[in-house]
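1. Got a sequence here, can you model it:
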Amino acid sequence: MGDLIVFADTWVAAALAGCAFLMVGLAIARRQPVYTPPTRYGLLFLALLVLVSILAPMFGHWMGGRSLPNAVGGLLPWNDAAGYFNCARALADGVALDSFCQRRPHYTAYLTSLLSAAGRDLQLMLLIQALVLASGVFLFAKAISARWGFAVAIVAIAPLAAFAGSHSVTTLTENLGLVLGVVAMVFLLNGSQSRHIGALATGVFLLTLALSARAGALFVLPLLLLWPLLLPDFAWQARIRRSAVLLIAIIAGLAVGPIISALLGGDPGDTHANFSYTIFGVISGGKGWLYIYDVHPEFFRRGIPESQIARDVYAATWRVFLESPELAIQGLTKGFLIYLERILKYVPWLPARIFIVLCWLTGIVHILRHRQEPTKLMLGLIALGIATSAPIIAFDAGTRVYAATIAADATIVAIGFAVLANTTTRRVAGHDSGTLDLPTFVFTKTTGATNAVFALFLVLLVTLIPVAIGSTGTQSRHTSLPTTTCAPGSDIAVARLGPGSPVLPIVADGQETTWPASPAVSGFTGRMHKHVAKADGLRQATPGTTYLLIYDLVPEPIWVNYVGIAVDMAVPVDGRAYVVCSEDWPTGPLEGARRITSISPISR
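-> Next up, the predicted model:
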């Protein structure tokens, strides 16, 4: 039973698909329609199902001490995740965004809100982040169930749960892009079918925000502007007005990032500056975003602003294109082939992935055949936007680049499953569900109050709340070093251990705990993802080894943030301020980390 939860991320999607398949099978056997209208108890069951599918993988990582490339032991932020976590910790203390944080100000702001709500407790913050996502997924599943029934809604949850299973324990931008994209899809589905421009504009705004938070299939946005223009039953003036409203929604969504960056002390021009690296790699023949470092290391001289680097990279990209345009064609072709190979690849178990891809393909065919219907037309435009963006974005970060648009794929999967279920019911039981081609998207109200309130809540978490926190967040800072000194050759830092500077103790087998996370040594060393940086060094952990993500509360003479390793040393986690002394780790697989030499308490 323990291992079943530990590896929940590998079977959650398959279990959901299997459950939906069973429900359809029972309906056919009983010669009943597949569609059943939602009831209060049915929605309660759906909410429980969403909670389990989102939270089980998270607790599984903590129980088993499983390490992902961006979360060591399922807890400590690693690589880019550590960077975003440091950004949020600094912003909560009123520190202006640095160049790394300015690249993705949306998630830094969102993470700051959640971290402050959790009292700077990393594990509690991750749980809150997952609960916010689960709330959005439930609203999405509720919309799907109202249109096609519970079985179809359960299938729609499967791709979302599969993607979240490997990201919910990380502090990465995908978490914000996913929840914003999910809620955006609820408004887009309602707005497209009812022609309610307010709901549709809200959905477009949220989707723009999602694609700004986690850059992805950006071509979706201009294609959505075509949706009103392609509707056959509106006068041209009405179509143009609606398209103009959607354009305003896109501009408003794109403006949020630079405004946040400016309000938090950053340079608005730095937002998404490193996307230029991706463009250069594509135009150079599909080389990936790191290729610019090899070709033009002079762009990255110390002290050059991100906005200036981006301008230099775009200029170099244009030169490469003029000199060798065939490389751009080669890169775009390679990117599209990568996209085809990775469709829904985040669903981990191959048989489940084959089934879900079959539903997706069926949904695509159905959308093409019924493209005159408003909702199908909108989904077709989104799918086209994803496919045309893929040649540019497919090279880097695997399937993570599709976080903001996964809800659209999940909706297409739902439509495909509904088509297959309806066809099977008609051929076996002699009748159909009667819901597949209803002229209206079943919803008593165009935009439910719950949907609107939750969308506003998300926007506030990304905008006003973090700005307020950043402008007042100085309560945990220390202005000077304490009188305590460290041994010669050691560096000194002041850190609040536990909240603020998370701690991951490795314990003997049988002594592990899930909350707070303290993995057993066998699980921690044996369940290490092959792409975890410094994995060889981390596998050398023994009972009594403790990993810390130190956040220095004293900015002078230098601000120290580092991975600390304490061996056979009692490490407190009470949130009090401590003097932490450390020295360079000897050369080897953990080079760059620091050995903790002593920890002593100080008063505030």
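2. which residues of the stretch 151-300 of the chain fall in helices?
-> Taking DSSP state H, counting those that start in this stretch to define them, one finds helices in the stretch 151-300 of the chain at 174-194, 197-213, 220-224, 226-230, 236-263, 275-283, 291-295.
3. which one of these is the most hemmed in?
-> Of all these, helix 174-194 has the most neighbours on average by mean count of other C-beta atoms under 10 Å, namely a mean of 27. C-beta here means a position set from N, CA and C on the backbone, and glycine is covered the same way.
4. In terms of secondary structure, what does it contact?
-> The criterion is 3 or more C-beta pairs under 8 Å, 6 or more residues apart in numbering; DSSP states H and E, and the helices and strands that helix 174-194 contacts are helix 105-117, helix 122-148, helix 150-165, helix 197-213, helix 374-393, helix 406-428, helix 449-462.
5. what's the closest of these to residue 319?
-> Counting by C-beta to C-beta, residue 319 lies closest to helix 374-393 out of those; the figure is 18.4 Å.
6. buried sites along that closest one?
-> The neighbour-count check on helix 374-393 (16 or more other C-beta atoms under 10 Å) flags 374-383, 385-393 as buried.
7. circling back to that earlier point, nearest to residue 308, out of the helices of the stretch 151-300 of the chain?
-> So among those, helix 275-283 is nearest, using C-beta to C-beta, at 11.0 Å.
8. The closest one vs helix 374-393, what angle?
-> 80 degrees (axes from the mean of the first three to the mean of the last three C-alpha atoms, to 10 degrees).
9. contacts for helix 275-283?
-> Contacts to helix 275-283, defined as C-beta atoms under 8 Å, 6 or more residues apart in numbering, come from residues 215, 287-292, 295, 309-310, 313-314, 316-317, 320-321, 327-328, 331-332, 335, 391-393, 395-396.
10. Could you tell me the least trusted of the helices and strands packed on helix 174-194?
-> Note on the helices and strands packed on helix 174-194: helix 406-428 shows the lowest mean pLDDT, a mean of 90.
11. Sort out which residues of it are buried, please.
-> Residues of helix 406-428 classed as buried under the neighbour-count rule (16+ other C-beta under 10 Å) are 406-422, 424-425.
12. what sits against residue 505?
-> If you count contacts by C-beta under 8 Å, 6+ apart, residue 505 has them with 518, 545-546, 571.
13. Restricted to strands, list those residues.
-> Judged by DSSP state E, strands contain the following of the contacts of residue 505: 545-546.
14. Residue 539 and residue 529, how far apart?
-> To residue 529, residue 539 is 12 Å away according to C-beta to C-beta, to the nearest Å.
15. one step back: any chance of the helices and strands packed on helix 174-194 in JSON lines, with distance to residue 493 too?
-> What follows is the helices and strands packed on helix 174-194, written out as JSON lines (distance: least, C-beta to C-beta, whole Å):
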{"stretch": "helix 105-117", "distance to residue 493": "19"}
{"stretch": "helix 122-148", "distance to residue 493": "18"}
{"stretch": "helix 150-165", "distance to residue 493": "34"}
{"stretch": "helix 197-213", "distance to residue 493": "31"}
{"stretch": "helix 374-393", "distance to residue 493": "38"}
{"stretch": "helix 406-428", "distance to residue 493": "39"}
{"stretch": "helix 449-462", "distance to residue 493": "30"}
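16. mind checking which of these is nearest residue 513?
-> Closest of the helices and strands packed on helix 174-194 to residue 513 is helix 122-148, at 11.1 Å (criterion: C-beta to C-beta).
17. The closest one vs helix 374-393, what angle?
-> For helix 122-148 and helix 374-393, the angle between their directions (the same axes, to 10 degrees) works out to 140 degrees.
18. just how off-centre is helix 122-148 within its chain?
-> Its chain's average C-alpha position is 13 Å from that of helix 122-148, according to C-alpha atoms, centre = their mean, to the nearest Å.
19. ok, so of the contacts of residue 505, who is nearest residue 485?
-> So of the contacts of residue 505, ranked by how close each gets to residue 485 (C-beta to C-beta), first place is residue 571, at 20.2 Å.
20. State the number of residues packed around the closest one.
-> The burial count assigned to residue 571 is 19, neighbours taken as other C-beta atoms under 10 Å.
21. Excluding sequence neighbours, find me the nearest residue to it.
-> Spatial nearest neighbour of residue 571, excluding adjacent residues (C-beta to C-beta, 6 or more residues apart in numbering): residue 546 at 4.7 Å.
22. can you pull the pLDDT of the one you found?
-> Note on residue 546: pLDDT of 95.
23. now residue 267
-> 74.
24. in the helix or strand encompassing residue 4, what counts as buried?
-> According to DSSP states H and E, residue 4 maps onto helix 2-6. Of the residues in helix 2-6, those scored as buried under the neighbour-count criterion (16+ other C-beta under 10 Å) are 5-6.
25. do the same with stretch 25-42
-> Within stretch 25-42, the residues that qualify as buried by neighbour count (16+ other C-beta under 10 Å) are 27-28, 33-36, 38, 42.
26. Can I get those residues in CSV including secondary structure?
-> Converted to CSV, the buried residues of stretch 25-42 look like this (DSSP: H, G, I helix; E, B strand; the rest coil):
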residue, secondary structure
27, helix
28, helix
33, coil
34, coil
35, coil
36, coil
38, coil
42, helix
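27. Now for those residues: which two are most distant?
-> Of all pairs drawn from the buried residues of stretch 25-42, the widest gap by C-beta to C-beta lies between 28 and 38 and measures 20.5 Å.
28. In contact with the residue nearest to the spatial centre of the chain, which residues are there?
-> Central residue of the chain (C-alpha atoms, centre = their mean): residue 174, 1.7 Å from the mean position. Listed by C-beta under 8 Å, 6+ apart, the contact set of residue 174 reads 163, 167, 214, 400, 403.
29. Roughly how far does the nearest residue to the second one once chain neighbours are set aside sit from residue 394?
-> Closest residue in space to residue 167, ignoring its immediate chain neighbours: residue 174 at 4.8 Å, by C-beta to C-beta, 6+ apart. From residue 174 over to residue 394 the distance is 16 Å, taken as C-beta to C-beta.
30. Need the contact partners of whichever strand or helix holds residue 320.
-> In this assignment (DSSP H and E), residue 320 forms part of helix 306-323. In this structure, residues lying in contact with helix 306-323 by C-beta under 8 Å, 6+ apart are 99, 102-103, 267, 269-270, 273-277, 279-280, 283-284, 292, 295-296, 299-300, 327-328.
31. try it again with 10 Å
-> With contact meaning C-beta atoms under 10 Å, 6 or more residues apart in numbering, helix 306-323 is reached by 98-100, 102-103, 266-285, 292, 295-296, 298-301, 304-305, 327-328.
32. Tell me, please, the helix or strand in this structure that averages the lowest pLDDT.
-> Across the helices and strands of the chain, mean pLDDT, DSSP states H and E gives its lowest value to helix 99-103, namely a mean of 78.
33. packing partners for that helix?
-> In this structure, helix 99-103 packs against helix 80-92, helix 105-117, helix 236-263, helix 306-323, with contacts taken as 3 or more C-beta pairs under 10 Å, 6 or more residues apart in numbering; DSSP states H and E.
34. quick one: the third one to chain centroid distance?
-> So that's helix 236-263. Averaged over its C-alpha atoms, helix 236-263 has a centre that lies 23 Å from its chain's centre (C-alpha atoms, centre = their mean).
35. Rebuild the helices and strands packed on helix 99-103 as TSV, extending it with distance to residue 469.
-> Below are those laid out as TSV (distance: least, C-beta to C-beta, whole Å):
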stretch	distance to residue 469
helix 80-92	6
helix 105-117	5
helix 236-263	12
helix 306-323	23
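36. so which of these comes closest to residue 576?
-> Minimum separation from residue 576 across the helices and strands packed on helix 99-103 (C-beta to C-beta) falls at helix 80-92, 16.7 Å.
37. one step back: would you turn the buried residues of stretch 25-42 into TSV with distance to residue 525?
-> Output for the buried residues of stretch 25-42, formatted as TSV (distance: C-beta to C-beta, whole Å):
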residue	distance to residue 525
27	47
28	48
33	53
34	48
35	50
36	48
38	46
42	44
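38. Looking at those residues, which is nearest residue 257?
-> Within those, the smallest distance to residue 257 is 36.7 Å, found for residue 38 (C-beta to C-beta).
39. Cool, thanks, signing off.
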